[in-house]
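Peer 1: Sequence first, predicted coordinates after that:
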Amino acid sequence: MPLDIVVGAQWGDEGKGRMVDLLAAEADFVARYGGGDNAGHTVTVGDQIFKLHLIPSGVIQPNTVGVLGNGMLVNPSTLMAEMAQLREAGIDLPPKRLRISHAAHLITPAHVALDAAQEGARGAEQIGTTKRGIGPAYVAKAARRGLRVEMMLNPEDFADAVETRVEEANKHLTQLYGADALDPKTVATEFMDYARQLKPYIVDASQLLTDALNSGKRVLAEGAQGTLLDLDHGTYPYVTSSSPTAAGALLGLGIGIRPANRIVGVTKAFQTRVGEGAFPTELSGKVAKHLRGTGANPWDEFGTTTGRPRRVGWIDLVLLRYACRQNTLTEVALTKLDILSGIDPLKICIAYRIGDETFTELPLGPADLSQFEPVYEELPGWDVDVTAARHWDDLPPQAQKYVQRIEDAAGMPVRWISVGPERDQVIIRD
Ligand code: GDP
Ligand code: IMO
Ligand code: MG
């Protein structure tokens with residue numbers, strides 16, 4: 001079955017965009033299945049750096065069709081801006097190259113305003129959302145008060161629906177949060193314009209992808225966010241409101257329960273997190289500075305969507321094993337190995353401890369990680385630059401050992417080792 005799924009194995013920003021771009025060279029369709037413009041996926045091709053929030057990263061490869069699946073939330077303003085940016089960079093996306101599921105939901109400025117107002121009201125219990133309206137829009141979907149993409153096909157009713165939903169949101173904004181109300185008519189007029197422009201892109205994406213798979217076409221499902229941000233399986237409540245894990249791909253694309261060929265879990269060679277929530281292996285000080293960088297390099301650890309500095313730490317193999325199980329991964333892609341050059345010794349978290357008790361698996365899922373103290377194993381570091389490595393043998397023995405230790409703990413092969421953001425900066429192992 002020619003379906004491959006790429007998922008984040010950590011808290012997002014693992015380098016999924018970079019890996020999807022690589023794998024999309026072999027794909028016919030590349031489909032995002034969840035989340036919205038809270039995602040920020042970076043693809044580097046020579047001196048061009050693409051930062052994609054909604055459009056699948058796979059569209060940078062010229063022979064693909066990008067699909068926005070039913071599990072997604074589409075902010076049409078972001079989408080139009082992203083299409084324009086890509087056009088300027090020479091990538092035109094007419095409807096034959098980009099399709100939007102009729103059953104995806106829309107994000108309006110009312111959802112965005114609610115997200116900000118709710119975060120403000122949470123005080124010390126803030127989640128640290130990206131303030132893109134994700135939570136409120138999925139709430140509206142579950143409450144059956146969402147705006148589905150297909151509603152744009154019927155302009156008169158659509159305008160009425162947008163207006164009503166904004167009026168409803170205004171009550172919450174003003175009465176619950178003391179925030180400003182939005183003008184429902186202005187939003188409706190803006191959305192009528194989006195409807196006119198996006199109409200040719202709307203399809204039954206479930207049918208499109210099912211037909212594609214049945215006729216032997218290759219579909220690559222592009223995960224956003226990461227396993228530990230999954231609404232059910234992540235570090236609840238410090239999660240997003242969608243299902244980034246591999247099972248989410250089947251539901252979020254409407255392709256039934258279909259066995260995937262490859263399920264690739266992308267993990268950095270260390271751990272990062274943006275937003276609130278426990279992070280057992282978090283570091284501060286010199287090593288943290290090394291891992292994060294200063295912001296001078298495009299790959300330094302500052303959020304692609306929000307610009308926030310990312311929290312950084314040692315790789316957590318308890319959580320990686322959990323991601324392997326949750327996603328039934330078939331293999332791992334390890335990114336940013338190059339960043340570890342110059343840190344000696346390196347530490348990897350192999351277990352957790354509470355008092356005298358040691359756990360190599362999570363006893364009750366990852367919701368409350370704050371109770372655990374990490375158990376580390378030390379490994380020797382390496383000093384040489386590995387960004388030019390293209391084969392396993394090009395890596396210093398310490399780096400090989402580090403990768404092998406991750407393979408042992410994960411119980412599965414590290415098939416790709418990324419040593420830089422560029423397309424060719426990767427070691428592919430058989
Ligand atoms: P995503 O959300 O999972 O797609 O990841 P992001 O794009 O948000 O963040 C990953 C960052 O790391 C981007 O700036 C990538 O260009 C960069 N990157 C990916 N792989 C590597 C790598 O192996 N080495 C370095 N130095 N940067 C990388
Ligand atoms: P990509 O696809 C990293 C985090 C936010 C916050 C939590 C909830 O680039 O890996 P939300 O706005 O979704 O309600 O925020 O989830 N978050 C991400 N962190 N990468 C992402 O996407 C993320 N998308 C959401 O920082 O902690
Ligand atoms: Mg990202």
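Peer 2: Looks like it arrived, so ask away. Because the structure is predicted, anything quoted here is derived from the model rather than measured. Ligands and ions are numbered 1, 2, ... in the order given.
Peer 1: Name the residue of the stretch 151-300 of the chain that lies nearest to ligand 2.
Peer 2: The stretch 151-300 of the chain approaches ligand 2 most closely through G275 (2.0 Å), counting by Cβ to the nearest ligand atom. All C-beta atoms are positioned from the backbone trio N, CA, C, and that covers glycine.
Peer 1: Looking at the chain, which strand is longest?
Peer 2: What stands out as the longest strand in the chain, according to DSSP state E, is strand 346-354.
Peer 1: Give me the sheet partners of it and which way each runs.
Peer 2: Note on strand 346-354: by DSSP bridges, its sheet partners are strand 315-316 (parallel), strand 357-359 (antiparallel), strand 373-379 (antiparallel).
Peer 1: average pLDDT for that strand?
Peer 2: On average, the pLDDT along strand 346-354 is 98.
Peer 1: buried ones in it?
Peer 2: In terms of neighbour count (16 or more other Cβ atoms under 10 Å), strand 346-354 has its buried residues at 346-352.
Peer 1: ok, and what's touching it?
Peer 2: 280-281, 314-318, 340, 358-360, 362, 371-381, 402, 405-406, 409 (Cβ atoms under 8 Å, 6 or more residues apart in numbering).
Peer 1: any idea which helix or strand carries the closest residue to L329 other than its chain neighbours?
Peer 2: Distances taken as Cβ to Cβ, 6 or more residues apart in numbering put G265 closest to L329, at 4.1 Å, once the chain neighbours are dropped. For G265, the host element (DSSP states H and E) is strand 262-268.
Peer 1: hey, where'd the strands end up in the stretch 1-150 of the chain?
Peer 2: 3-8, 29-32, 41-45, 48-52, 65-68, 73-74, 98-101, 105-106 (DSSP state E, counting those that start in this stretch).
Peer 1: Which one of these lies nearest to K289?
Peer 2: strand 41-45 (21.4 Å; Cβ to Cβ).
Peer 1: Indicate the residue of the stretch 101-250 of the chain located nearest to ligand 3.
Peer 2: A224 (7.9 Å; Cβ to the ion).
Peer 1: Tell me which residues touch that residue, please.
Peer 2: Contacts of A224 by Cβ under 8 Å, 6+ apart are 8, 12, 16, 32, 34-35, 38-39, 41, 242, 244.
Peer 1: Next one: R390 from S418, what distance?
Peer 2: As judged by Cβ to Cβ, to the nearest Å, R390 and S418 stand 11 Å apart.
Peer 1: Comparing those two, which shows the higher neighbour count?
Peer 2: S418 (24 against 13; other Cβ atoms under 10 Å).
Peer 1: Name only those of the contacts of strand 346-354 that count as buried.
Peer 2: Buried, going by 16+ other Cβ under 10 Å: 280-281, 314-318, 340, 362, 372, 374-375, 379, 381, 402, 405-406, 409, out of these.
Peer 1: Let's see which of these end up in strands.
Peer 2: Going by DSSP E, the strands hold 315-316, 374-375, 379 from the buried ones among the contacts of strand 346-354.
Peer 1: how about those residues in TSV, adding pLDDT?
Peer 2: Formatted as TSV, those follow (pLDDT from 0 to 100):
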residue	pLDDT
I315	98
D316	98
P374	98
V375	98
L379	98
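Peer 1: For V203, give the beta-bridge partners.
Peer 2: For V203, the beta-bridge partners under DSSP bridges are S101.
Peer 1: so who does it touch?
Peer 2: 99-102 are the contacts of V203 under Cβ under 8 Å, 6+ apart.
Peer 1: quick one: which of the residues you listed has the most company?
Peer 2: S101 (31 neighbours).
Peer 1: and that residue, what does it touch?
Peer 2: Going by Cβ under 8 Å, 6+ apart, S101 touches 67-70, 72, 149, 202-206, 254.
Peer 1: So the residue nearest to L329 sits against T328, correct?
Peer 2: No - under the criterion of Cβ atoms under 8 Å, G265 makes no contact with T328, lying 9.7 Å away.
Peer 1: which of the two has more neighbours?
Peer 2: Taking other Cβ under 10 Å, G265 and T328 do not tie; G265 has more neighbours (33 against 14).
Peer 1: Would you mind measuring from the more buried one to ligand 3?
Peer 2: 15 Å (Cβ to the ion, to the nearest Å).
Peer 1: Pull the contacting residues for that residue.
Peer 2: Per Cβ under 8 Å, 6+ apart, neighbours of G265: 7-9, 227, 320, 323-324, 327, 329, 331-333.
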